[in-house]
Structures are given as C-alpha cells and as structure tokens.
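Visitor: What follows is a predicted structure for the sequence shown.
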Amino acid sequence: MAEYPDNLLYTKDHEWVRVDGTLVTIGITYFAQSELGDIVYIELPKVGERLAQNDSFGSVESVKAVSEIFMPISGTIEKVNDSLNDAPDHVNNDPYAQGWMITVKIETPSELHALMSATEYEDFLSENRN
Amino acid sequence: MTEIKRTPLNDAHRALGAKMVEFVGWDMPVQYSGTMPEHLAVRTAAGLFDVSHMGEIEVRGKDALKLVQLISSNDASKLADTQIHYSALMTPQGTFVDDMLVHRFHSEYFFLCVNASNIDKDFDWIASNAKGLDVEVKNTSDKYFQIALQGPRSVEILQPLVDIDLSSIKYYWFKESNFSGIPVLLTRTGYTGEDGFEIYGLPDEAVKVWDKVLEQGQPFGLVPAGLAARNTLRLEAKMMLYGNDIDDTTTVLEADLGWIVKLAKGDFLGRDVLVQQKEKGLSRKIVGFEVLDRTPIRDGYPVFVDGQQIGQVTSGSPSPFLKKNIGLAYLPIDKATIGTEFSVQVRGRDIAVRVIETPFYKRKK
C-alpha cells in the first residue's frame, strides 16, 4: 500500500478524504498516525451532527498526547466507524481502510478544491520536515 | 534567553533516531521507537535512559550529617555508609523545595540527586541553610553523566561489564565500580518501579558506557527509552513528579509520603507543620484513580467532587502496562478513600473515575 494513495485528497492537518459521489470518507494520514505512535483512544462525533469546515470532529490519543482532528469540509455526519472503540490500532495499522473515521454528506462541493492531491501533500510534508 | 543544554549523549540520541524535545531547558529524547514499546520493554526486559539532566549536590564536612538532617524529612542518621534513601528537601512550611535521593558515602559526605528543574534553587537553599556549619556544599551537576538501566533483565545485562558482583548491591544501596576500565558509581535505584541501576560517571565517558550497555543488552531485549516512557513508568509505580504531584504548596504528608517523614529524629525544616498536621489530621491527600470508561485523563484536567471543582489532575495518562487510564489528584480527606467516585472534566464532559489502591503497578520480587 502506498503511504499516500493517489485516489485520496489531503489536508494540512493530516486528514485524508475519499470522495464517493455526494459522500466523503475521512481519516488521518500515515504521517499523522506515525507521529502519534500507538493510538489508544479515539473520540468521534455522533451520526446526524452537522459540522463546518475546520471544526474539530473529535480527538485521537496516544499514550503521550491528545491531538484534535478537523473537518476537511462542511457537512453532516452520515456514518461513524464504531470498530475504532475496540480497535483504535486500526488507525496505525491500516489508516486508509479499516482506520477510516467518519463519512460525511457534502454540503459545499467547492470546499474540496482547497484540498491537496497525494503529490501536493507529499511536497507539503517534505517542506515541513526541515 | 539562555541556551538549551545538551547532555554528553545528545549525538547518540540523534543517531538512534530519537525525537528530541525541550525539557526544563534541556534538549532530551522524548521517545525512540515509541512510548508504548519502550514502556513495555522496561516492564518485561529492560530500557536505557539518559538522565544526565538530573542534578547532583554534594555536602561534605564535619557537619554534613547535621545539615542533611536539617533540610531533609527522612532520617539520614539511620543510613549506613553506601546506603540511599528517598526524601523531601523541606521548606519551613512542611512542603517540598524538591524531592531527592540521599546517598551516604559516610557521615561527612552525602551525595544528593535532585530534579533538573530545581538544581539552582536547591543549591541556593541548601547553601543558605549551611551558614555557621562546618560544611561545604557544591553543585556538581556538570561533573557527572547519569544513565538509568531499568527492567528485570538489568542484572544480566550489566554484570559482564563491571568488576563487582551486582547481587552484592541491594535495592537502594550503591558501590563504586570499574565499568570496562571506566570508574563509575552504581546505585540500585530508579524511577520506573522496576529493578535496575543508575550509573554515574565523568561526562567524557558517557558515550562509551551508553554504547556498551546498549550493545550488551540487545540480545536481552534492551531498548533506549525516552522521557515519555519514564513518565508513564513512574506514574504506574506512583512515584511523585515534582512540579506536577508535589511542590512548595503540598506538604509531605498530603503527598502520602508519611514513610519519609521521621518526626522522631529531632528538628528539621517544616517539622512543626507536619507535627500539627499529624495531630489535627490532614484536610486533603493525594490519591490514585482509574477511569471508569475508556477516556484518557491528562495532567491539568479539572477535578470535580459533588459538582464543585476542587482542583486538577496532577498526573494522568493511559497506562501502557495495565491497559487502563490512571491518574493522581488531591482530594478532600473525607473523599480520599478507596472506592470513592468523583469526576474529571474532559473537553467539557464529566468522566467518572474511582479511587483505587496504589501503586497502580508493583513488580513481583
């Protein structure tokens, strides 16, 4: 598996976004999970909650730290990955599949234009890695 | 802005791929492979920590014992030569200037190991209390490296490298030794709740000692371990962290450290306050708690008892070994009993927690 799959979009806060028609699925990137280390707890929103772009939609915690996660776009929560309650390590082991976090109904498709492609995200990472 | 300080092992940490952070003015490794694996390695095999940032203050002279007895809550007259104990460096208010390990070479020479964040404050305080005494107080923090080898495999790893029988050093005793040609002080102490040793020596020899121990320990599962694992290990063992769990506003008795308070030894700083607290009873005490759901609780989160905020979590973390979330907090004395439930606020939500027996983790001897 590629560290940053080509079919996803990425944010500067290290979330990934997969677009399926009017829905997007959201998680955190390979880089984000490796920075955090072993994830022990994930707090996610409730289905039906409406959140705006850049709102915090929950938090991811490792032994060492808690880190907020942010909405890449505005929308209503359609689905939440409840399996992460028992197996938060899915986010470490399989960040783009089993480690998905939420599915959101798109409100403003133009918000997607601001997100980065895989290549752009990799450039962003290397620029910020000094 | 003062320049950030580096231990003699700074390059070694970077070569090992450590993530470095600033900690009380020092550039220190917070983790190498990850806090979780490092923590578990110390519980099941061994871990190696650079703790050269810790301070050393040496007290020598005819009145050395007299000075140590004045500033410390524990009874240094009960220490044999080459024995060590944990103690509080006292304020006149019965609270902590710092906590420390007191090493007795002999009655005219004591070696104090203190927290990095407090070195200058401690030295000034001890020196100011030495007036009129026949004693010399020296801050020798720059004269030593300090490496902690911690975990159940520590003896096996260290034994082939030193010229003495390690089984002859009991827990909280020390010996001077020759480590592959390098003179070191070996103390059977640590801040993890495991068996192990702390190794002191001259800064120029630090890299040699570090590399040799790492190499020798590799087949036993030894890994380098950072400050993050050191913190979770000490919390599981309910060892106090100055600045979090104890400081100059908490008395030694409130910190549940009655075992280092020796009122019978005679006068010492803050003794009258502690005597009073003992007679009248405490109004609050530190307790250990576990979280009843899965929410991690962290340092500084607000603590609520009966709907009233009464303070903050002093230390809180997921416990890597016990696989639950634990923490420490001061509670009013009538609530500070095993089984009491109270709540901690996490991102606006009240999370239920319960007072449990401590230490959270105790090694099998």
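Guide: That came through fine. Residues are numbered from 1 along each chain as shown, chains lettered A, B, ... in the order given.

Visitor: Wasn't residue B:267 part of a helix?
Guide: No. Per DSSP: H, G, I helix; E, B strand; the rest coil, residue B:267 lies outside any helix segment and is coil.

Visitor: Kindly tell me how buried it is, as a neighbour count.
Guide: Residue B:267 has 9 neighbours, counted by other Cβ atoms under 10 Å in any protein chain shown. Using the backbone N, CA and C atoms, a C-beta is placed for each residue, glycine as well.

Visitor: Check what pLDDT it gets.
Guide: Looking at residue B:267, its pLDDT reads 97.

Visitor: Not counting sequence-adjacent ones, nearest residue to it?
Guide: Nearest-residue entry for residue B:267: residue B:70, 7.5 Å, with adjacent residues in sequence omitted and distances by Cβ to Cβ, 6 or more residues apart in numbering or on different chains.

Visitor: my guess is residue A:64 is in a strand, correct?
Guide: No. Going by three-state DSSP, the assignment for residue A:64 is coil, not a strand.

Visitor: Quick check: buried residues in the longest helix along chain A?
Guide: When chain A is scanned for its longest helix (criterion: DSSP state H), the result is helix A:118-128. Within helix A:118-128, the residues that qualify as buried are A:118, A:121, A:124, A:125, counting by 16 or more other Cβ atoms under 10 Å in any protein chain shown.

Visitor: and the residues you listed near chain B, which?
Guide: Among the buried residues of helix A:118-128, no residue is within reach of chain B (Cβ under 8 Å from any Cβ of the partner chain).

Visitor: quick check, nearest of the residues you listed to chain B?
Guide: Comparing those against chain B with Cβ to the nearest Cβ picks out residue A:125 as the nearest, at 16.0 Å.

Visitor: Kindly state the pLDDT recorded for the nearest residue to that closest one once chain neighbours are set aside?
Guide: Excluding its sequence neighbours, the residue lying closest to residue A:125 (Cβ to Cβ, 6+ apart) is residue A:31, at 5.9 Å. Turning to residue A:31, the model gives it a pLDDT of 95.

Visitor: Export the helix or strand harbouring residue A:31 to PDB, keeping only CA atoms.
Guide: For residue A:31, the enclosing helix or strand under DSSP states H and E is helix A:30-36. Extracted in PDB, the C-alpha atoms of helix A:30-36 (Å, rounded to 0.1, in the frame of the first residue of the first chain):
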ATOM      1  CA  TYR A  30       0.000   7.600   7.500                       C
ATOM      2  CA  PHE A  31       2.200  10.500   8.600                       C
ATOM      3  CA  ALA A  32      -0.300  11.600  11.300                       C
ATOM      4  CA  GLN A  33      -0.600   8.100  12.900                       C
ATOM      5  CA  SER A  34       3.200   7.600  12.800                       C
ATOM      6  CA  GLU A  35       3.800  10.900  14.500                       C
ATOM      7  CA  LEU A  36       1.300  10.000  17.300                       C
END
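
Visitor: Paired strands for the following helix or strand past that helix, with orientation please.
Guide: Next in sequence after helix A:30-36, counting helices and strands by DSSP H and E, comes strand A:39-43. If you go by DSSP bridges, strand A:39-43 pairs up with strand A:56-62 (antiparallel).

Visitor: Run through the bridge partners of residue 59.
Guide: Reading this off chain A. Note on residue A:59: beta-bridge partners by DSSP bridges are residue A:43, residue A:68.

Visitor: hmm, I had chain B in mind actually
Guide: Judged by DSSP bridges, the bridge partners of residue B:59 are residue B:110, residue B:137.

Visitor: and if you look at residue A:106?
Guide: Beta-bridge pairing for residue A:106 (DSSP bridges): residue A:75.

Visitor: for chain A, which spans come out with low pLDDT?
Guide: Along chain A, segments meeting pLDDT under 70 span A:1, A:130.

Visitor: mind pulling up the phi and psi values for the spatially most central residue of it?
Guide: Centroid-nearest residue in chain A: residue A:27, 2.5 Å away (criterion: Cα atoms, centre = their mean). The phi/psi pair for residue A:27 (degrees, to the nearest 10) reads phi -150, psi -170.

Visitor: which SS class is the residue nearest to residue B:267?
Guide: helix.

Visitor: and chain B, what are its domains?
Guide: Domain segmentation of chain B under automatic domain parsing yields B:10-52+B:144-236, B:55-141, B:283-356.

Visitor: Mean neighbour count added to these, as CSV?
Guide: CSV is the format used below for the domains of chain B (neighbours: other Cβ atoms under 10 Å in any protein chain shown):
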stretch, mean neighbour count
domain B:10-52+B:144-236, 20
domain B:55-141, 19
domain B:283-356, 18
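
Visitor: Would you mind naming what in chain A lies close to chain B?
Guide: A:37, A:38, A:40, A:41, A:43, A:59, A:61, A:62, A:63, A:64, A:66, A:85.

Visitor: Got a quick ChimeraX command for the buried subset of these?
Guide: Only the buried entries of these go into this ChimeraX selection, using 16+ other Cβ under 10 Å:
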select /A:37,38,40,41,43,59,61,62,63,64
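
Visitor: Against chain A, how distant is residue B:204?
Guide: According to Cβ to the nearest Cβ, to the nearest Å, residue B:204 stands 31 Å off from chain A.

Visitor: same question, residue B:105
Guide: Residue B:105 sits at a distance of 38 Å from chain A (criterion: Cβ to the nearest Cβ).

Visitor: Where does that residue fall, secondary structure wise?
Guide: strand B:96-106.

Visitor: Pairing partners for that strand, with directions?
Guide: Strands that pair with strand B:96-106, judged by DSSP bridges, come out as strand B:83-90 (antiparallel), strand B:109-114 (antiparallel).

Visitor: Now do the longest helix of chain A: which elements does it pack against?
Guide: In terms of contacts (3 or more Cβ pairs under 8 Å, 6 or more residues apart in numbering or on different chains; DSSP states H and E), helix A:118-128 is packed against strand A:9-10.

Visitor: Count the neighbours of residue B:359 for me.
Guide: Residues lying near residue B:359 (other Cβ under 10 Å) number 14.

Visitor: Without its sequence neighbours, what residue ends up closest to it?
Guide: Per Cβ to Cβ, 6+ apart, closest to residue B:359 is residue B:238, 4.0 Å.

Visitor: Need the phi and psi values for that neighbour.
Guide: Dihedral pair for residue B:238: phi 50, psi 50, per degrees, to the nearest 10.

Visitor: Could you list which residues are in contact with it?
Guide: Residue B:238 is in contact with B:288, B:328, B:358, B:359, B:360, counting by Cβ atoms under 8 Å, 6 or more residues apart in numbering or on different chains.

Visitor: what sits against the third one?
Guide: Meaning residue B:358. Neighbour list for residue B:358: B:238, B:287, B:288 [criterion: Cβ under 8 Å, 6+ apart].

Visitor: repeat that with 10 Å
Guide: B:236, B:237, B:238, B:256, B:286, B:287, B:288, B:289, B:326, B:328, B:338 (Cβ atoms under 10 Å, 6 or more residues apart in numbering or on different chains).

Visitor: Repeat that for the last one.
Guide: Counting by Cβ under 10 Å, 6+ apart, residue B:360 touches B:193, B:235-238, B:288-290, B:319, B:321-322, B:324, B:326-328.
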